[in-house]
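In: got a sequence here, can you model it:
(one chain, ligands or ions: 2)
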Amino acid sequence: MFGNINSSGAVIDEIESGSASDIVLPNQTGRVQKVAVDIGGSLAKVVYLTATDAALGGGGRLHFKAFETDSIDGCIAFIKQLLDGGRGQDGQGDAPVIVATGGGAHRFGTQLREQVGVEVRVEDEMQSMTTGLSFLIREVEDEVFTYAQDKPMQFVSTCAGEDMFPYMLVNIGSGVSILKVTGEGQYERISGTSLGGGTLWGLLHELTGVRSFDEMLEMSKSGDNTRVDMMVGDIYGGDYGKIGLKATNIAATMGGVCRTALGKQHTAADVARSLLYMVSNNVGQIAYLNAQLHGIRRIYFGGYFIRGHPPTMHTLSYAIDFWSRGQMRALFLRHEGFLGATGAFFADAAPSAKAAASRRRHSFTENFSVAQEQRAHVAALGALDRQPAALVALAQLVDGAAGAYVPDTVDLAGDAAQRAYWVAAMERNTRGLLRMAADGSLPGGDGSRDAAQRMQAFGALYLRHLRRLGEQPTAYGPMSVRALLGLREQCLHEVGLHDIFAEAKRRETEAALAQLPGLLAETDAVAPPAARLELLVRNVLAGNMFDWGAAELRGAIAAGALDFAAARARITWPERLDNARAFAAHATEQPYRRAVVFVDNSGADVCLGVLPFARFLAAQGTCVVLAANSRPALNDVTAGELADIVGRVAVADAGVREARAGGRLAVCGTGSSGPCLDLRKLDERLVALCQDADLVVIVGMGRAIHTNYRARFTCDSLKLAVFKNQMAADAAGASIYDALCVFERGSAVA
Ligand SMILES: Nc1ncnc2c1ncn2[C@@H]1O[C@H](COP(=O)(O)OP(=O)(O)OP(=O)(O)O)[C@@H](O)[C@H]1O
Ligand SMILES: CC(C)(CO)[C@@H](O)C(=O)NCCC(=O)O
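Out: Ligands and ions are numbered 1, 2, ... in the order given. Sure, this is the predicted structure:
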């Protein structure tokens, strides 16, 4: 959870919605082994990892909190509480550690050690900042953005590896440090200035009497600097065009105050605005000069001073753009204030070779369900969830590594009509879910304690995020259907509802498995292999109608009123999207070596659609890898559930049994837990298993329409889904219940 701070140094957490306040949220408590703290001249920033949810197996969450340095006692008490909780539980694992950086690591190191009773390792401040920044650039999607008034957050894809260097970091804390970073761990502090965040805080306190920095920022929003600054126009009466100065440029900060003849009346808010500009402009100019001097084009601005505050980012961006004549851009970061603490957290204290070898690789994804309400700030901050596995790009993705692949089909931030539709649809959907949970038509839920209360808490949390996204579409990164659906899953998990469709999935799977022998007998009886495969492909689409995510069908599915034949009969097959026959002809003539099938729903979809299709391919000699979500989302089948289903079917069916025994039918987790699919972020074990795949099959609306609709592969691919949503159909020029059955030959580009 990200914490905001108030002037007394207390941490204010805003995420708990009223109705959830008495529920212990599972991701916010748990064993803490290591805490990093960056104690600066103004603020102490704490980063720590909780490893709580056993179901995540190696997962965890990186939390960010800040305290005023003046309230260091409160900060130390907080750290003690975190580490005492960790020690109390099982007494196992490594001894707890505190890694401290910043000037306060030296000033308060002894106090920290004595009061917490834990060894304190001190890391260098500059080194930590660069380690933290490189980690964030490399690991966190949508961490980096540029700012412009009309496009407050334009996300910048940052390439991992050598390409990210060299860069310059301008860290605006109390004072300002400017670092040139040329490689991992290679940096030089090239400059600095004592006119920084502390300067603004102090001057404004002195001039306005206000102490809280947040209040100052708020005040500056309504201020008008031209009422205190001396403008070029005040001196020239207009532009000084010859040297490129406009009448509206500031000639002298605060210079208008003493010139009574100019007749300027001012308020504290005007002073706040002027001094904010003064510090930001000055830092921007010094940053540019240093970048120029050292031949560096990428300038990252960090430090808690920035706070995602639009006027600050505007001024820094303007200064860089103005002085570089449009050649350089100012880059901003979501976790701008936590570079030092993050770097200290990941700094290795000379790990033993054994420890280094046994360390598992992980990836981090941002979780905005716990983003705090920061109305004044465009960039929301999420917690960073540590995934149990390293997530990497599918090898067969064209341009995957180069960053050209965009999973999302529609950019909702750039399309107001689509955005309004999807936000309203998600609101409706949430209210529908709450009604179903209340009236018992969502069978059983996940059986967790307080399920009804948790469901209410989920509703309040998710609806609040939807409202915010309606107002600030890019607050949580690029806005897409994937982001909205993923956020819904995150909110459910956050209130402790890990699998609300568990019982619905179980029932549907049982019903589907009962029908499977009849269906296999029917399809096995179709003699020509190509005709049989074509039928099996069409059955995958029939199965895909059984989707709790589709509002139009949910009522019928919940009532058990949709049968497989009826579902198949409802589908329409526009010719331009129907390559079933061509695929079947090709795949039977020249069987594939290895196929990876990204599956979708449990029940009829996977049992009656996907499994018979996979069984056919395996019988032809193709090794089939069924790739399913690693953790629950909606009624999607998980890898664990699917492995169980395949095992059960193998007992009764010789085809599936032989495929399994011959290593031609495997199940593997994708590493994800959403209804959509980002092919850049797959469990590395799945990617390794599919290294030589020559066919990629993607099933379902979330995976093949909302995402990956335009994805291209180096090998052949088959996208299978039914348009079960009017807006998605309209956007693709299709009709509702049209089948998407697109077979594409591999692109030659590797
Ligand atoms: N809520 C807040 N309370 C106090 N200062 C804030 C707040 N929000 C932003 N700031 C600004 O952030 C600055 C501190 O930034 P940061 O935490 O990055 O630096 P620091 O580590 O304290 O300083 P240094 O690195 O120079 O020792 C403050 O001086 C102030 O300008
Ligand atoms: C002293 C530090 C490094 C502490 O973080 C910072 O506040 C800073 O860089 N101040 C500016 C000092 C100068 O270079 O003029």
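
In: around ligand 2, which positions in the stretch 101-250 of the chain sit nearby?
Out: When proximity is defined by C-beta under 6 Å from any ligand atom, the stretch 101-250 of the chain lies next to ligand 2 at 103, 125, 173-177, 192-194. C-beta here means a position set from N, CA and C on the backbone, and glycine is covered the same way.

In: so T474, which state does it fall into?
Out: Of the three states, T474 takes coil under DSSP: H, G, I helix; E, B strand; the rest coil.

In: ligand 1 versus the residue lying closest to it once chain neighbours are set aside, what's the distance?
Out: Of all residues not flanking T474 in the chain, M153 sits nearest, at 4.1 Å (C-beta to C-beta, 6 or more residues apart in numbering). Per C-beta to the nearest ligand atom, to the nearest Å, M153 is found 19 Å from ligand 1.

In: wait, what's in contact with V606?
Out: By C-beta atoms under 8 Å, 6 or more residues apart in numbering, V606 lies in contact with 509, 512, 543, 599-600, 628, 637, 642, 645.

In: and with 10 Å instead?
Out: 505, 508-509, 512, 540, 543-544, 546, 597, 599-600, 614, 626, 628, 636-637, 641-642, 645-646, 699 (C-beta atoms under 10 Å, 6 or more residues apart in numbering).

In: ok, now how distant is V697 from V228?
Out: Using C-beta to C-beta, to the nearest Å, we find V697 at a distance of 65 Å from V228.

In: and the two? which has more neighbours close in?
Out: Remark: of V697 and V228, V697 carries more neighbours, 28 against 22, as counted by other C-beta atoms under 10 Å.

In: is it true that the more buried one lies in a strand?
Out: Yes - judged by three-state DSSP, V697 forms part of a strand.

In: so who does it touch?
Out: 537, 540, 583, 592, 595-599, 610, 613-614, 617, 624, 626-627, 704, 716-720, 743.

In: now, which of the residues you listed lie within helices?
Out: 537, 540, 583, 613-614, 617 (DSSP state H).

In: pick out the residue of the stretch 351-500 of the chain closest to ligand 1.
Out: H377 (10.3 Å; C-beta to the nearest ligand atom).

In: and what of the stretch 601-750 of the chain?
Out: K681 (30.3 Å).

In: spatially nearest residue to that residue, not counting backbone neighbours?
Out: K681 sits nearest to L391 (C-beta to C-beta, 6+ apart), 4.0 Å away.

In: what sits opposite that neighbour in the beta ladder?
Out: D683 (DSSP bridges).

In: and the pLDDT for it?
Out: On pLDDT, L391 comes in at 94.

In: doesn't T365 make contact with it?
Out: Yes - L391 lies in contact with T365 (C-beta atoms under 10 Å); the separation is 7.8 Å.

In: quick check: I137 vs ligand 1, distance?
Out: For I137 relative to ligand 1 (C-beta to the nearest ligand atom), the value is 18 Å.

In: which parts of the strand or helix carrying that residue are buried?
Out: Assessed by DSSP states H and E, I137 sits inside helix 125-139. Neighbour-count burial for helix 125-139, counted by 16 or more other C-beta atoms under 10 Å, picks out 125-137, 139.

In: V181: which of those residues is nearest?
Out: T130 (5.0 Å; C-beta to C-beta).

In: for this protein, which spans come out with low pLDDT?
Out: 1-30, 52-57, 86-94, 159-162, 349-360, 372-376, 400-403, 441-449, 551, 748-750 (pLDDT under 70).

In: which helix runs longest in it?
Out: Max-length helix for the chain by DSSP H is helix 268-294.

In: so how far is that helix off the chain centroid?
Out: 31 Å (C-alpha atoms, centre = their mean, to the nearest Å).

In: also stretch 230-237?
Out: Worked out by C-alpha atoms, centre = their mean, stretch 230-237 lies 47 Å from the chain centre.

In: who touches it?
Out: 225-226, 238-240, 243, 245-259, 261-262, 264.

In: need the buried ones from these selected in ChimeraX.
Out: To isolate the buried ones among these in ChimeraX, judged by 16+ other C-beta under 10 Å, type:
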select :225,226,240,245,247,250,251,253,254,255,256,257,264
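
In: contacts only, for the residue lying closest to the residue of the stretch 351-500 of the chain closest to ligand 1 once chain neighbours are set aside.
Out: Once flanking residues are discounted, H377 sits nearest to G308: 3.5 Å by C-beta to C-beta, 6+ apart. Taking C-beta under 10 Å, 6+ apart as the criterion, G308 is in contact with 145, 147, 152-153, 332-334, 336-337, 374, 376-381, 475.

In: please redo it, this time with the cut-off set to 8 Å
Out: 332, 334, 336, 374, 377-381.

In: and what of Y147?
Out: 153-154, 310, 313-314, 316-317, 330, 332, 378.

In: separation between the spatially closest residue to it that is not a sequence neighbour and D321?
Out: Using C-beta to C-beta, 6+ apart and skipping residues adjacent in sequence, the residue nearest Y147 is M313, 3.9 Å away. Distance of M313 to D321, computed by C-beta to C-beta: 12 Å.
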